[in-house]
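Enquirer: sequence below, structure please.
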Amino acid sequence: MMASEIRKLDKNKEKKNGKISVIIPAYNAEKTVERCLNSVIEQSYTNVEVIVVDDGSQDRTLSIANEIAKNDSRVKVISKQNGGAASARNVGIKLASGEFITFLDADDYIEKDTYMELHKAQKQNDLDIVSASIREIYDGDISKERINPNGVTVFTGEDALCNMFSYCDGVRTVVWDKLYKKSIIQNITFAEPCPYGEDTLFNCEAILKCKRYGTIPYIGYTYDHRESQMTGGKYNSSILCNIDVIEKMATIIEQDNGNSYNVKNVKNHLVIYKIAIYRQLFQRMLMAENYEEVKNDYNVLKEYAMKISYRDIKSNLKLKHRIQWKIYLYFFGIYRAIVNNEN
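Expert: Residues are numbered from 1 along each chain as shown. Here you go, the predicted model:
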């Protein structure tokens, strides 16, 4: 059999296996969008559609994406007013025609066999959602790899959600390391406007709908912190939307979604996530430029943090962190002044 005939058979096999819709929200990403798109176009798994949603970019992002689309019919470019990554992803979900959906940020890129490996694991193990290992790059080209256990690890939806809330076993809160069956997420939307925590909320709803969740050790996704526009910067009150996200997840977990998961077990793991997020919020406020900037937000956060029982705090924090928690609640202003050398 000739090589051309083999390639034709491979493509026909891929079409039978199912199209993957790749949703890429893009905002002012002229430096990285070409690298991102090329990493998808050059995938060994070729049955993909690429939906680039330009979110009101003020640079050359849109023109670069359009130029690439001219040379590859699989690339579709949509332009909309700026509304954030959540709104751009929602547009992409509505337009997706594939059997599977995955997300990719325009700052980042994937390895050549990422979709092949994810799709192979999905088919062989009948997975509703499957996630790859990831690589993170920081300033100075410092690379950190987060590798899932060897082989394909399969969880129930309940176990996957508990693991996500506990930050373990490769079930991460992000959406971009995952391949989803479209049937699982087609009726789920990202919360708008919600610049923080929207991935976790989306995954909470998605994982509660899935029966089989899998992880693979293949390092398929590179998250480039150097290019991320959400990294660093001054304190922003919008981080408090994390509290709303947690409250919404608690409500969703209480609702009957047709699956026989243990509500108490999942809620107990949500407490672990809640404590971790609240500690991060306290720390962000601690480093803000001045106390008046965060005073009102601190009072809101303190009100919610006080609702967490001491038993839960004791069960999930080491002694030094329990002491720190008490300081956050009762001596935050003094602690801030000491940490920041304020007069």
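Enquirer: not counting its own residues, what contacts stretch 156-174?
Expert: 128-129, 131, 133-134, 146-149, 153, 155, 199-200, 203-204, 207-213, 215, 259, 261-262, 265-266, 269-270, 272-273, 276 (C-beta atoms under 8 Å, 6 or more residues apart in numbering). To be clear about C-beta, it is placed using only N, CA and C from the backbone, and glycine gets the same treatment.
Enquirer: tell me the first helix or strand C-terminal of whichever helix in the chain runs longest.
Expert: Under DSSP state H, the helix in the chain containing the largest number of residues is helix 263-286. Later in the chain than helix 263-286, the nearest helix or strand by DSSP states H and E is helix 291-305.
Enquirer: give me the buried positions along that next one.
Expert: Neighbour-count burial for helix 291-305, with 16 or more other C-beta atoms under 10 Å as criterion, is recorded at 291, 294, 297-298, 301, 305.
Enquirer: which of the helices and strands in this protein ranks last by mean pLDDT?
Expert: The weakest-scoring helix or strand in the chain, judged by mean pLDDT, DSSP states H and E, is helix 3-17 (a mean of 54).
Enquirer: using PDB, write down the CA coordinates of whatever helix or strand comes next after that helix.
Expert: Reading on from helix 3-17 to the C-terminus, the next helix or strand found by DSSP H and E is strand 20-26. The C-alpha trace of strand 20-26 is given here as PDB (Å, rounded to 0.1, in the frame of the first residue of the first chain):
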ATOM      1  CA  ILE A  20     -12.200  17.900  18.200                       C
ATOM      2  CA  SER A  21     -13.300  21.500  18.500                       C
ATOM      3  CA  VAL A  22     -10.500  23.700  19.900                       C
ATOM      4  CA  ILE A  23     -11.800  26.900  21.400                       C
ATOM      5  CA  ILE A  24      -9.200  29.700  21.700                       C
ATOM      6  CA  PRO A  25     -10.100  33.000  23.400                       C
ATOM      7  CA  ALA A  26      -7.600  35.700  22.200                       C
END
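Enquirer: tell me how far strand 20-26 lies from the chain's centre.
Expert: Put simply, strand 20-26 sits 13 Å off its chain's centre (C-alpha atoms, centre = their mean, to the nearest Å).
Enquirer: going forward, count from 2.
Expert: Happy to do that; since the first residue is 2 now, the last one works out to strand 21-27.
Enquirer: need the next SSE after that strand, C-terminal direction.
Expert: helix 34-42.
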